[in-house]
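Participant: I would like to see how this sequence folds:
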Amino acid sequence: MIWNTPVRIGRETAKNRILHPALSHNDANPDGSVSKEILDFYTSIAVGGCGTIVVSGTAVAPAGKGSDRSLCLYDQSHAAGFGALAERIRHGGALAILQLMHVGGQGNPAFSGHEPVSPSGVRCNSTGFVGRALEIGEIEDVRDAFIRSALLALGAGFHGVELHLAHGYLLHEFLAPHTNHRTDGYGGNLENRSRLVLEIASGIRRARPDAILGARISGDDYRAGGMDFFMNKELLPLLELGGIDYFSVTAGVYDTSAIKHLEMKRGAFFSYARGIKSVVSKSVVGVGKVLDLLEAETHLTNADCDIVAMGRALVADPGLIMKSLRGLSHDRCTECGGCMYLRNKTRTIECPVRNGRSWKNIIIKSSAGSSGAGGLKSNLGDLLRSSVLLECFGDEGCLWLTDEKGCAILEHFVERKRIVLWKECDGLAGLDGKTRIFNLDSHVADAGFYSKYSKLESWCAVGSIEPYQKRDPGISWQQSLVEEAGFIWMEQDYAFSKLQPKSPEFDVGLNWKSHPEWTAKQWPERHWQELYALLEKSGISVSWQQGENDLNGYFDWIASCRVIVTCDSFGQHLASAMRRKVIALVGPTENGEYHYGRMSFLRPEGRSCMPCNAPRCKYENNCLGEIAPSRVIQALFKILEPVPRGHVD
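Facilitator: Below is the predicted model:
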């Protein structure tokens with residue numbers, strides 16, 4: 001499969017040849033910063049297997065906004081959200097690229113609060129506005145704004161930026177004779193019309209020669225005096241010399257959108273890409289309603305392009321790529337047009353296929369005994385681990401079925417309306433219309449509870465009402481769940497985005513209590529007391545466990561400590577979810593749990609039966625008692641920097 005081979009883009013390498021192009025979402029926060037919806041959207045596509053992701057067109061100046069909730073990146077206050085977004089995309093294994101744009105003469109003062117501007121004051125028929133012609137000094141301000149935004153994006157962690165030179169936006173208006181009637185150094189011949197773009201590219205390249213620099217270009221504007229293949233044949237070699245690493249080929253402007261969408265259906269966009277590929281040596285991205293990987297493979301086989309853009313297909317099902325690799329079916333785009341260009345610019349992107357998946361994934365996480373629904377008790381550590389499914393399906397893709405204690409945990413990172421308590425529903429019959437169950441219980445609830453339900457498509461995607469069981473004991477529960485959901489395992493983290501821990505007050509917290517039924521997890525009390533004395537002697541501030549009977553108090557206590565020492569799995573997972581370092585004293589466990597990046601595991605040495613998952617040791621060994629306090633404090637010294645004075649061996 002050509003599409004699943006690596007491809008070089010600038011100095012970076014994408015893992016495959018599928019690119020998600022920039023789409024107009026119109027769901028940024030009101031101030032233009034990155035919203036939770038945007039984070040979730042691009043996270044799902046990254047973990048779904050896409051090789052390169054180009055984030056929505058982002059305004060480089062207040063006057064550059066194209067809609068009322070456009071993304072904006074023109075000062076440092078926006079940078080933090082973009083940093084989180086870049087990290088999410090990178091963590092999912094994709095190259096992260098941010099598209100930069102200025103709406104220009106196609107702008108609307110109702111959205112930007114500024115009058116539209118353009119090279120020459122040509123009327124935009126679709127909006128009815130005439131963009132004021134820019135003065136030379138203002139053009140230089142636009143140039144500087146693009147460079148500044150690019151450097152902010154790259155500083156936030158993006159691999160590169162893409163300049164939007166198409167769809168009639170400001171930089172496109174400078175390139176096209178139809179909208180550029182200037183008689184100064186920025187108008188007239190091709191060299192002058194491309195001057196602004198080349199100055200921007202040069203400024204970015206000088207500051208960051210290592211970054212990817214792409215260009216979204218127009219294969220055909222569908223109007224006289226607009227961009228077409230013959231103009232591109234002269235322009236693109238100049239852009240290539242100016243440092244552009246790839247060309248993403250689209251077509252049309254606001255005023256010719258009806259023709260644009262008709263030509264897209266006819267596959268004309270890929271003919272434009274093929275023509276452009278003949279005149280440049282850099283990678284060419286083909287665009288145009290590719291709905292499955294077979295179509296993508298055909299275009300690559302025909303040498304129409306080097307990389308295939310899949311926009312609406314990945315909106316409909318972000319996991320399409322991973323599911324295809326695993327031979328699983330995926331949700332197919334119906335071509336309804338809900339995600340197309342939104343003319344009134346006040347709606348957010350819509351997809352009935354994607355939104356129809358909102359309640360398809362039901363996560364059951366309680367410890368169900370023979371007493372059935374009435375006696376359920378949440379296994380809180382496993383509930384934290386299962387939160388990784390949010391990385392796959394997003395908030396709207398999950399419905400959680402649990403009890404009151406589980407709800408108290410979930411409410412920290414899941415909307416309450418997405419949580420159903422057992423006592424609120426009449427067995428699974430109360431969940432009609434849902435299509436997939438992830439039953440993560442360690443026991444099956446009473447048969448009558450399940451028999452009330454008749455319409456489930458599958459249980460845990462394996463066709464069984466039995467609790468989900470990991471097939472590979474060498475991997476973690478989180479990896480197993482992600483792969484069962486049809487996504488790539490990229491060491492996705494706990495989904496505790498709403499937990500923002502305060503600054504720690506203590507160096508070490510001693511989480512010394514664990515579940516009384518798990519005697520094999522108990523570290524002897526004498527060891528805890530000895531460790532406490534060693535820590536005090538070493539000048540390390542220490543706090544005993546607090547809030548064990550109050551979840552919010554427990555959260556606060558963990559947040560107050562830099563490092564947690566624990567023999568309790570819930571404490572391990574919660575502390576790690578809250579970005580705290582953990583030293584886990586391990587008795588019963590499994591090999592697959594050892595991937596957690598913020599945990600240091602201490603196990604008894606020389607035990608052939610380790611790890612195990614037994615509450616009690618059948619050999620009557622005192623496994624945790626063999627972990628000496630001196631081993632724990634040595635592990636602490638490796639984490640706490642600098643090493644405190646009074647070091648005790």
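Participant: so who does the residue lying closest to residue 524 once chain neighbours are set aside touch?
Facilitator: Using Cβ to Cβ, 6 or more residues apart in numbering and skipping residues adjacent in sequence, the residue nearest residue 524 is residue 625, 5.1 Å away. All C-beta atoms are positioned from the backbone trio N, CA, C, and that covers glycine. Residue 625 sits next to 523, 524, 527 when contact means Cβ atoms under 8 Å, 6 or more residues apart in numbering.
Participant: could I get these as CSV with secondary structure?
Facilitator: Below are the contacts of residue 625 laid out as CSV (DSSP: H, G, I helix; E, B strand; the rest coil):
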residue, secondary structure
523, coil
524, coil
527, helix
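Participant: now render those as JSON lines, adding distance to residue 296 and neighbour count.
Facilitator: Below are the contacts of residue 625 laid out as JSON lines (distance: Cβ to Cβ, whole Å; neighbours: other Cβ atoms under 10 Å):
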{"residue": "523", "distance to residue 296": "54", "neighbour count": "24"}
{"residue": "524", "distance to residue 296": "60", "neighbour count": "13"}
{"residue": "527", "distance to residue 296": "58", "neighbour count": "19"}
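Participant: how is this structure divided into domains?
Facilitator: 2-355, 357-484, 506-639 (automatic domain parsing).
Participant: any idea which of these is most buried?
Facilitator: Mean neighbours per residue, mean count of other Cβ atoms under 10 Å, is largest over the domains of the chain for domain 2-355, with a mean of 20.
Participant: could you look up the SS state of the residue nearest the centre of the chain?
Facilitator: Nearest residue to the geometric centre of the chain (Cα atoms, centre = their mean): residue 43, 1.7 Å. Under three-state DSSP, residue 43 falls in the helix class.
Participant: for residue 212, give its distance to residue 159.
Facilitator: 5 Å (Cβ to Cβ, to the nearest Å).
Participant: report the distance from stretch 209-228 to the chain centre.
Facilitator: Centroid separation for stretch 209-228 versus its chain: 28 Å, with Cα atoms, centre = their mean, to the nearest Å.
Participant: common neighbours of residue 212 and residue 159, please.
Facilitator: Common neighbours of residue 212 and residue 159, using Cβ under 8 Å, 6+ apart, are 12, 95, 97.
Participant: ok, residue 508 touching residue 562?
Facilitator: Yes: if you go by Cβ atoms under 8 Å, residue 508 and residue 562 touch, sitting 7.0 Å apart.
Participant: for the stretch 501-649 of the chain, give me the ranges with low pLDDT.
Facilitator: Along the stretch 501-649 of the chain, the model assigns pLDDT under 70 to residues 501-502, 515, 517, 547-549, 587-599, 608-613, 641-649.
Participant: ok, now with 90
Facilitator: In the predicted model of the stretch 501-649 of the chain, residues 501-505, 511-524, 538, 545-560, 566-627, 634-635, 637-649 satisfy pLDDT under 90.
Participant: ranges for the helices of the stretch 51-200 of the chain?
Facilitator: Ranges of helices in the stretch 51-200 of the chain, per DSSP state H, counting those that start in this stretch, are 79-91, 109-112, 136-155, 170-175, 190-193, 195-207.
Participant: revised request: answer the last question for the stretch 451-600 of the chain.
Facilitator: Per DSSP H, counting those that start in this stretch, the stretch 451-600 of the chain carries helices over the ranges 477-484, 525-537, 551-559, 569-577.
Participant: not counting its neighbours along the chain, what's nearest residue 214?
Facilitator: Nearest in space to residue 214, with sequence neighbours left out and distances taken as Cβ to Cβ, 6+ apart, is residue 162 at 3.9 Å.
Participant: the one you found pairs with what?
Facilitator: Bridge pairing for residue 162 (DSSP bridges) gives the partners residue 99, residue 214.
Participant: picking that back up, in JSON lines, list the helices of the stretch 451-600 of the chain along with distance to residue 104.
Facilitator: Output for the helices of the stretch 451-600 of the chain, formatted as JSON lines (distance: least, Cβ to Cβ, whole Å):
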{"stretch": "helix 477-484", "distance to residue 104": "42"}
{"stretch": "helix 525-537", "distance to residue 104": "63"}
{"stretch": "helix 551-559", "distance to residue 104": "47"}
{"stretch": "helix 569-577", "distance to residue 104": "45"}
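Participant: and of those, who's closest to residue 384?
Facilitator: Residue 384 lies closest to helix 569-577 among these, at 4.1 Å (Cβ to Cβ).
Participant: how about that closest one as CSV, C-alpha atoms only?
Facilitator: The C-alpha coordinates for helix 569-577 follow below in CSV (Å, rounded to 0.1, in the frame of the first residue of the first chain):
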residue,chain,number,x,y,z
SER,A,569,-3.4,1.1,42.5
PHE,A,570,-6.0,3.9,42.7
GLY,A,571,-3.4,6.2,44.3
GLN,A,572,-1.0,5.2,41.5
HIS,A,573,-3.4,6.0,38.7
LEU,A,574,-4.9,9.2,40.3
ALA,A,575,-1.5,10.7,41.1
SER,A,576,-0.2,9.9,37.6
ALA,A,577,-3.3,11.4,36.1
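Participant: residues contacting residue 527?
Facilitator: Residues counted as contacts of residue 527 (Cβ under 8 Å, 6+ apart) are 625, 627, 628, 629.
Participant: for the helices of the stretch 51-200 of the chain, which has the smallest mean pLDDT value?
Facilitator: Looking at the helices of the stretch 51-200 of the chain, the lowest mean pLDDT belongs to helix 109-112 (a mean of 80).
Participant: all strands of the stretch 251-400 of the chain, in order?
Facilitator: Using DSSP state E, counting those that start in this stretch, the strands of the stretch 251-400 of the chain run over residues 283-286, 307-309, 361-364, 398-402.
Participant: make CSV out of those and add mean pLDDT.
Facilitator: Compiled in CSV, these are given as follows (pLDDT from 0 to 100):
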stretch, mean pLDDT
strand 283-286, 97
strand 307-309, 97
strand 361-364, 67
strand 398-402, 77
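Participant: just put those in TSV and tack on distance to residue 543.
Facilitator: Formatted as TSV, the strands of the stretch 251-400 of the chain follow (distance: least, Cβ to Cβ, whole Å):
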stretch	distance to residue 543
strand 283-286	54
strand 307-309	53
strand 361-364	33
strand 398-402	30
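Participant: how much space separates the residue nearest to residue 544 when sequence neighbours are not counted from residue 137?
Facilitator: For residue 544, ignoring the flanking residues on the chain, the nearest one in space by Cβ to Cβ, 6+ apart is residue 510 at 5.4 Å. Per Cβ to Cβ, residue 510 is found 64 Å from residue 137.
Participant: so what's residue 64 up against?
Facilitator: Contacts of residue 64 (Cβ under 8 Å, 6+ apart): 72, 74, 101, 102, 103, 104, 107, 112, 145, 170.
Participant: now residue 629: how far from residue 536?
Facilitator: The gap separating residue 629 from residue 536 is 12 Å, by Cβ to Cβ.
Participant: what's the answer for residue 27, then?
Facilitator: With Cβ to Cβ as the criterion, residue 27 and residue 536 are 52 Å apart.
Participant: next one: residue 188
Facilitator: To residue 536, residue 188 is 79 Å away according to Cβ to Cβ.
Participant: and what of residue 116?
Facilitator: Distance from residue 116 to residue 536, counting by Cβ to Cβ: 68 Å.
Participant: do I have it right that residue 98 meets residue 78?
Facilitator: No: with contacts counted by Cβ under 8 Å, residue 98 stays clear of residue 78, the gap being 11.1 Å.
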